[in-house]
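In: Structure, please.
(one chain, ligands or ions: 1)
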Amino acid sequence: MIEEIKNRNELVSVVEQYVTLDRKSSANYFGLCPFHREDTPSFSVSPSKQIFYCFGCHKGGNVINFIKEIEHVSYPQALQILAERAGIALPEPDDEGWRKRSELSKRLHETMLEAARWFYMQLIGGQGKPAQDYLRKREISPATAKRFGIGYAPDNWDALLKHLRAKGFSEEEIDVSGLFKRTKQGNLIDLFRGRLMFPIFDVLGKVVAFGGRVLDDSLPKYINSPETPIYTKGRHLYGLNLAKASRADNLIIVEGYLDVIAMHQAGIDQAVAALGTALTEQQAILLRKYTEKIIIGFDADAAGQKAALRGLEILAGKDMDVSVLMVP
Ligand code: ZN
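Out: Residues are numbered from 1 along each chain as shown. Presented below is the predicted three-dimensional model:
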């Protein structure tokens, strides 16, 4: 099984998802090492031997070691990622409950992806005009909007519901997706209506939930997905799926979706947001996997300062080097 996973995940193509490689005259490919900071490439990949080696930090190994290092996951998790990438079914525990849960979470990931696609199509289509105007006002470029999968939920009671049913998603999947709510009469309606939509990605880049913002001053300003079988609040950091590839030696925690997006657009690609004002223990543990150095960049208002102080405490408890960005 392990051999098959290795055979079906060609190392150069896997590495190229993370590192830009150049084939020099030699038999090896070279690129900037993703595991240490450098300006000249000393990270090599041998297509014939299917191994990588860095002449700078001396990290090396096969495709499984590479995924383990770059995704900060355990060996079994690395195998899982590569098996999924190659479309290989790993043997599953002989347990009906486990099998059902795993099947449902797979379908929920597909539901979220389809919803994200649909929200994006609404944004770029004719009825997305108000959302397009809003993004223009906030100086978010169309390319940035696409990169973050920003979308638009039209002001309609059941447009997404109809779309997902037409796409063949089951009533159970629709019911537990967190994308809908029940009226007093027991009918399902779209939870997000007339809102700018931000897909929330897990660290591997899968959509697990959404945040939706109004386009005017009405309240509530933000609605977020409730917890679902694939989304637990306080366990994700918005933007970490992109920020983890930053070459900076720190991560900057900012308050909201649009703060993260604006910073990435400005080239500060190590920004993440805590999704809710207070940083949680789990988020601190997650951050610690990627960096020791954190900069907190919350708003200068009272709520922002209070949240910054709380975050400081949690991060200091995880033995991290924390500083606070003061914006006048
Ligand atoms: Zn290196």
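
In: Check which element follows the top helix by length along the chain along the chain.
Out: Taking DSSP state H as the criterion, the chain has its longest helix at helix 96-124. Helices and strands here follow DSSP states H and E; after helix 96-124, the next one along the chain is helix 129-137.

In: how distant is that next one from the center of its chain?
Out: 24 Å (Cα atoms, centre = their mean, to the nearest Å).

In: Quick one: mean pLDDT for that helix?
Out: Mean pLDDT, computed over helix 129-137, is 96.

In: Which parts of the stretch 1-150 of the chain are helices?
Out: If DSSP state H, counting those that start in this stretch is used as the criterion, the helices of the stretch 1-150 of the chain fall at 2-7, 11-15, 63-71, 75-86, 96-124, 129-137, 142-147.

In: re earlier: buried residues, the longest helix of the chain. List them.
Out: Across helix 96-124, burial judged by 16 or more other Cβ atoms under 10 Å covers 104, 107-108, 111-112, 114-120, 122-123. Where C-beta positions appear, they are placed from N, C-alpha and C, glycine not excepted.

In: gap between that helix and the chain center?
Out: 14 Å.

In: Repeat that for stretch 76-94.
Out: Mean-position distance between stretch 76-94 and its chain equals 20 Å (Cα atoms, centre = their mean).

In: do stretch 126-139 as well
Out: Averaging C-alpha coordinates over stretch 126-139 and over its chain gives two centres that are 23 Å apart (Cα atoms, centre = their mean).

In: Not counting sequence-adjacent ones, nearest residue to Ser141?
Out: Gln265 (6.6 Å; Cβ to Cβ, 6 or more residues apart in numbering).

In: Ramachandran angles for the one you found?
Out: phi -60, psi -30 (degrees, to the nearest 10).

In: Tell me if I'm right that it and Thr144 touch.
Out: Yes: using Cβ atoms under 8 Å, Gln265 makes contact with Thr144 at a distance of 4.6 Å.

In: List, one by one, the residues from the stretch 51-200 of the chain near the ion.
Out: By the rule Cβ under 5 Å from the ion, the part of the stretch 51-200 of the chain lying against the ion is 54, 56-57.
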